[in-house]
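Enquirer: sequence plus the predicted model coming up.
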Amino acid sequence: MDWFTDHFAAVQQWLFEAAVQPLVYAVGLGGWVEDAFDATGWLLVGLIQIAILLALIGPLQRWRPVEPVSDRPAIRTDILYTVIHRLGLFRLGMFFALDPLFDEVMGSLRGAGWGSLHLDELWPGVTDVPLIAFAIYLIVLDFVEYLIHRGQHQFNWWWGLHSLHHSQRQMTMWSDNRNHLLDDVIHDTIIVVVAQLIGVAPGQFIAIVAFTQLSESLQHANLRLSFGAIGERLWISPRFHRLHHSIGLGHESAGPRTLGGHNFGVLLPWWDMLFRTGNFENRYDATGIRDQVEPDAAGRVRDYGRGFWAQQWTGLRRMLGR
């Protein structure tokens with residue numbers, strides 16, 4: 001752990017001095033140097049993630065694909081979403097637009113006596129061991145992720161945004177970040193607030209986010225892979241999560257347009273097992289949303305948009321019930 005941290009810090013410093021710092025001064029933002037250094041850490045994490053996608057998960061997809069690639073334009077749009085999120089562009093927008101609001105909210109909460117809980121201090125000598133602290137925070141935040149995901153599928157207005165993520169008929173390792181920007185703002189706001197309230201340190205938070213995102217990229221891959229009867233109940237596999245994206249099953253319940261579904265877990269299937277939302281069938285169905293392929297009473301199927309801006313506009317209209 002120390003070896004990795006030291007090397008990461010060294011590369012972050014080099015990248016900052018070689019590229020980011022000169023750019024910051026060139027555009028007249030010298031007062032933001034400290035924040036730019038933190039942003040360089042997120043940029044480096046994103047570059048490492050994309051390298052892993054290309055070097056490891058990509059070859060796995062070509063080795064055991066669930067289905068042939070038939071819609072490359074849709075995949076290129078998903079790559080754009082990945083670049084926006086993993087290389088820090090979305091996080092940069094969040095910083096300038098919402099960081100003052102975060103500071104005000106957290107200041108109000110602490111002023112009201114809601115200080116950070118610091119879960120890693122519950123059992124000195126045990127919970128403050130770095131790997132154990134990392135595991136504790138990972139489990140707690142994963143439970144919060146499960147609750148958020150249930151909400152995205154439970155409330156019509158939120159599903160109007162989140163349905164963009166499920167409208168991808170050609171799932172690949174790039175599909176994880178295919179989300180409406182407003183959906184991501186809501187999600188990230190909840191996660192950041194909870195992380196601060198329970199005392200997640202900045203370095204731990206970056207590691208948890210990076211680890212979670214890589215796992216989610218694997219889950220969305222066009223990859224015929226199950227972790228077996230035991231492994232499927234310990235960690236979410238591509239097979240388990242693909243079922244969540246299955247037409248008429250993963251995000252619907254009793255009726256053809258009734259919200260609900262199965263397999264909402266992000267990393268751990270434990271929450272789906274606990275709340276009886278898990279489906280462990282060994283199957284690989286077509287992905288998408290029922291109203292993309294089945295016409296309504298007027299004989300129409302829904303179009304979720306083909307490009308980035310079309311998808312964002314369509315998501316807003318769906319949120320408003322239009």
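Expert: Sure, I can see it.
Enquirer: who are the contact partners of Leu87?
Expert: With contacts defined as Cβ atoms under 8 Å, 6 or more residues apart in numbering, Leu87 is in contact with Leu43, Gly46, Leu47, Ile50. Placement of C-beta: from N, CA and C, glycine included.
Enquirer: tally of neighbours for the second one?
Expert: When neighbours are counted by other Cβ atoms under 10 Å, Gly46 registers 20.
Enquirer: ok, it touching Gly88?
Expert: Yes: using Cβ atoms under 8 Å, Gly46 makes contact with Gly88 at a distance of 6.0 Å.
Enquirer: hmm, back to that, mind putting the contacts of Leu87 into CSV with secondary structure?
Expert: Shown next, in CSV, are the contacts of Leu87 (DSSP: H, G, I helix; E, B strand; the rest coil):
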residue, secondary structure
Leu43, helix
Gly46, helix
Leu47, helix
Ile50, helix
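Enquirer: from these, list just the buried residues.
Expert: Among these, those scoring as buried are Leu43, Gly46, Ile50 (criterion: 16 or more other Cβ atoms under 10 Å).
Enquirer: apart from its chain neighbours, what residue comes closest to the first one?
Expert: Read that as Leu43. Among residues not flanking Leu43 along the chain, Gly88 sits closest, at 4.9 Å (Cβ to Cβ, 6 or more residues apart in numbering).
Enquirer: Ser215 too?
Expert: Per Cβ to Cβ, 6+ apart, closest to Ser215 is Leu267, 5.7 Å.
Enquirer: how many neighbours does the one you found have?
Expert: 21.
Enquirer: tell me the phi and psi of it?
Expert: Backbone torsions for Leu267, taken as degrees, to the nearest 10, come to phi -120, psi -50.
Enquirer: who's in contact with it?
Expert: Taking Cβ under 8 Å, 6+ apart, we find Leu267 in contact with Leu138, Asp142, Glu145, Thr212, Ser215, Trp235, Ile236.
Enquirer: pull the longest helix from the chain.
Expert: helix 130-154 (DSSP state H).
Enquirer: now do whichever helix or strand comes after it: everything it contacts.
Expert: Next along the chain after helix 130-154, taking DSSP states H and E as the criterion, comes helix 156-166. Residues outside helix 156-166 that contact it (Cβ under 8 Å, 6+ apart): 151-153, 175, 178-180, 182-183, 186, 245, 250-251, 259, 287-289, 304-305, 311-312, 314-321.
Enquirer: can you check stretch 124-139 too?
Expert: With contacts defined as Cβ under 8 Å, 6+ apart, stretch 124-139 is touched by 1, 119-121, 195, 198, 200, 204, 207-208, 211-212, 267-268.
Enquirer: ok, stretch 199-219 next?
Expert: Outside stretch 199-219, the residues that reach it (Cβ under 8 Å, 6+ apart) are 5, 38, 41-42, 45, 48-49, 52-53, 57, 86, 116-121, 133-134, 137-138, 141-142, 145, 173-174, 176, 195, 235-238, 240-242, 266-267.
Enquirer: give the buried residues for it.
Expert: Residues of stretch 199-219 classed as buried by neighbour count (16+ other Cβ under 10 Å): 199-200, 204-210, 212-219.
Enquirer: now it - C-alpha only, PDB.
Expert: Provided in PDB are the C-alpha atoms of stretch 199-219 (Å, rounded to 0.1, in the frame of the first residue of the first chain):
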ATOM      1  CA  GLY A 199     -15.100  10.500   8.000                       C
ATOM      2  CA  VAL A 200     -13.700   9.100   4.700                       C
ATOM      3  CA  ALA A 201     -10.300  10.700   4.100                       C
ATOM      4  CA  PRO A 202      -9.700  12.300   0.700                       C
ATOM      5  CA  GLY A 203      -7.200   9.700  -0.300                       C
ATOM      6  CA  GLN A 204      -9.500   6.900   0.700                       C
ATOM      7  CA  PHE A 205     -12.400   8.400  -1.100                       C
ATOM      8  CA  ILE A 206     -10.400   8.600  -4.400                       C
ATOM      9  CA  ALA A 207      -9.400   5.000  -4.000                       C
ATOM     10  CA  ILE A 208     -12.900   3.800  -3.300                       C
ATOM     11  CA  VAL A 209     -14.300   5.700  -6.300                       C
ATOM     12  CA  ALA A 210     -11.600   4.400  -8.600                       C
ATOM     13  CA  PHE A 211     -12.000   0.800  -7.400                       C
ATOM     14  CA  THR A 212     -15.800   1.000  -7.700                       C
ATOM     15  CA  GLN A 213     -15.700   2.500 -11.200                       C
ATOM     16  CA  LEU A 214     -13.400  -0.200 -12.500                       C
ATOM     17  CA  SER A 215     -15.600  -2.900 -11.100                       C
ATOM     18  CA  GLU A 216     -18.600  -1.300 -12.700                       C
ATOM     19  CA  SER A 217     -16.800  -1.200 -16.100                       C
ATOM     20  CA  LEU A 218     -16.200  -4.900 -15.800                       C
ATOM     21  CA  GLN A 219     -19.900  -5.500 -14.900                       C
END
